[in-house]
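Undergrad: Sequence first, predicted model second:
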Amino acid sequence: MAKSMLLPLLANGEFHSGQALASAMGLSRTAVWKQVNRLITEQGLAIESVRGKGYRIAGGLDLLDADKVLAALDPSAEALLGSLEILDSIDSTNSEVMRRAEQGCASGLVCTAEQQTAGRGRRGRAWISPYASNLYVSLLWEFSGGAAALEGLSLAVGVAVAQALRVCDVPQVQLKWPNDVLHDGAKLGGILLEMSGDADGMCRVVIGVGLNVAMGESAASAIDQTWTDINRMMKGRCPGRNKLLGALLNELVPLAAGFEQKGFTFWRDDWQSLDAFAGAPVVLHTGAAQLAGVARGVDTRGALQLETTAGVQSVYGGEISLRAAP
Ligand code: BTN
């Protein structure tokens, strides 16, 4: 759906009459009514319609705003950022960034969207992405040293996310190998890295981050795991999404720029200090196979150190899920 003028008008949470909206948008009242209906049915927005008062979104909307995000950037992140694209609705910001990379876009492109219609998580799962509620962010970066130089990158991104949240005074989060962001054991966010190019040379990486900020109840009913959002964690005193996005880019962009040179070793101690499963009995699920052991952190390559009866095994990323042992 094309970016609507209607939502910025309704974003303040006040009632607006159909006539006032029609005049502001240069449309008929019927056209406004049709747009309202589309926003309700296609984007799941809770727009109230009250006779004699008009339309409103109770509580308002915290829309993404490029000027506010850019104003929150540190000079170092701003210098490294290529461009910031705020989309209204897209299938997946990761897919969009990959498409743009194929069209020649270079390192530093960031795409974010109010809504993803086909947001993707790890292991083929959907990432529930309702409108104007959460953050869905993808950053493009090119690396010249091949896939081996990128070991541990997704774990380092987890550290960057945790640091951005800390800067915004969000209560302490933890990380679950390989790349879940948790609070009190509930999933707050996830990281999805996708690569293309030459495994031994130049490769493009899309770093995708999803963070639940203020997940609506109806969208949340589609989530099949224990989840939380920043609004719940902060009892309604949630920082705005523009501030959160600025803080995230302040960590993420310099991380991408420096990773090849620094390597995961630079972030490893921080990752270990955030490890939700350090010393815990766990079971790794890989397809039909399961491997039980005690989680002993990660090595310098980001491989999970699983202490089993046969000794400590290094487990690399992939289609693996880690769960607490029953
Ligand atoms: C996971 O924990 O399963 C990873 C979730 C990653 C979700 C983000 S939202 C932005 C980007 N676009 C996507 O389609 N996925 C990632």
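TA: Thanks, I have the structure now. Numbers count the residues shown, from 1 in each chain.

Undergrad: in the stretch 1-150 of the chain, what residue is nearest the ligand?
TA: residue 121 (2.7 Å; C-beta to the nearest ligand atom). Bear in mind the C-beta positions are built from the backbone N, C-alpha and C, glycine included.

Undergrad: I should have written the stretch 101-250 of the chain there, sorry.
TA: Nearest to the ligand, among the residues of the stretch 101-250 of the chain, is residue 190, at 2.0 Å (C-beta to the nearest ligand atom).

Undergrad: Report the beta-bridge partners for that residue.
TA: In this entry, residue 190 is beta-bridged to residue 180, residue 210, by DSSP bridges.

Undergrad: That one: how many residues sit nearby?
TA: Counted with other C-beta atoms under 10 Å, residues neighbouring residue 190 total 23.

Undergrad: cool, residue 288 as well?
TA: Residue 288: 5 neighbours (other C-beta under 10 Å).

Undergrad: Next to the ligand, which bits of the stretch 1-150 of the chain? Give me the list.
TA: 92-94, 116, 119-122, 125, 127, 136-138 (C-beta under 6 Å from any ligand atom).

Undergrad: Residue 59: which of the residues you listed is nearest?
TA: Using C-beta to C-beta, residue 136 is the member of these that lies nearest residue 59, at 20.6 Å.

Undergrad: Please give the element, helix or strand, for the closest one.
TA: Counting by DSSP states H and E, the element that carries residue 136 is strand 135-143.

Undergrad: Can you name the residues that contact residue 153?
TA: For residue 153, the contact set (C-beta atoms under 8 Å, 6 or more residues apart in numbering) comprises 193, 205, 207, 259, 264, 302.

Undergrad: Sorry, slip of the keys, the one I care about is residue 89.
TA: Counted by C-beta under 8 Å, 6+ apart, residue 89 has contacts 1, 43, 113-117, 131.

Undergrad: most neighbours, which of those residues?
TA: Going by other C-beta under 10 Å, residue 116 tops the contacts of residue 89 with 28 neighbours.

Undergrad: Would you enumerate the residues in contact with that one?
TA: Contacts of residue 116 (C-beta under 8 Å, 6+ apart): 89-93, 127, 129, 136.

Undergrad: partner residues bridging it?
TA: Here residue 116, judged by DSSP bridges, has bridge partners residue 90.

Undergrad: Helices along the stretch 201-326 of the chain, start to end?
TA: Assigned by DSSP state H, counting those that start in this stretch, the stretch 201-326 of the chain shows helices spanning 217-220, 230-233, 241-262, 265-274.

Undergrad: Tell me the helix or strand right after the strand holding residue 136.
TA: helix 153-167.

Undergrad: Now find how far off-centre that following helix is within its chain.
TA: Helix 153-167 sits 11 Å away from the centroid of its parent chain (C-alpha atoms, centre = their mean, to the nearest Å).

Undergrad: Is that helix in proximity to the ligand?
TA: No: using C-beta under 6 Å from any ligand atom, we find that helix 153-167 stays clear of the ligand, coming within 9.5 Å at best.

Undergrad: Output that helix in PDB, but only the C-alpha positions, please.
TA: The C-alpha coordinates for helix 153-167 follow below in PDB (Å, rounded to 0.1, in the frame of the first residue of the first chain):
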ATOM      1  CA  LEU A 153      29.100 -11.400  13.100                       C
ATOM      2  CA  SER A 154      25.500 -12.300  14.100                       C
ATOM      3  CA  LEU A 155      26.600 -12.700  17.700                       C
ATOM      4  CA  ALA A 156      28.300  -9.300  17.700                       C
ATOM      5  CA  VAL A 157      25.100  -7.800  16.300                       C
ATOM      6  CA  GLY A 158      23.300  -9.200  19.400                       C
ATOM      7  CA  VAL A 159      25.800  -7.300  21.500                       C
ATOM      8  CA  ALA A 160      25.200  -4.200  19.500                       C
ATOM      9  CA  VAL A 161      21.400  -4.500  20.000                       C
ATOM     10  CA  ALA A 162      21.900  -5.000  23.800                       C
ATOM     11  CA  GLN A 163      24.100  -1.900  24.000                       C
ATOM     12  CA  ALA A 164      21.600   0.200  22.000                       C
ATOM     13  CA  LEU A 165      18.800  -0.900  24.400                       C
ATOM     14  CA  ARG A 166      21.000   0.000  27.400                       C
ATOM     15  CA  VAL A 167      21.700   3.500  26.000                       C
END
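
Undergrad: Moving along the chain from it, name the first helix or strand you hit.
TA: Immediately after helix 153-167, counting by DSSP H and E, sits strand 174-176.

Undergrad: what mean pLDDT does the host helix or strand of residue 98 have?
TA: Assigned by DSSP H and E, residue 98 belongs to helix 93-102. Helix 93-102 carries an average pLDDT of 97.
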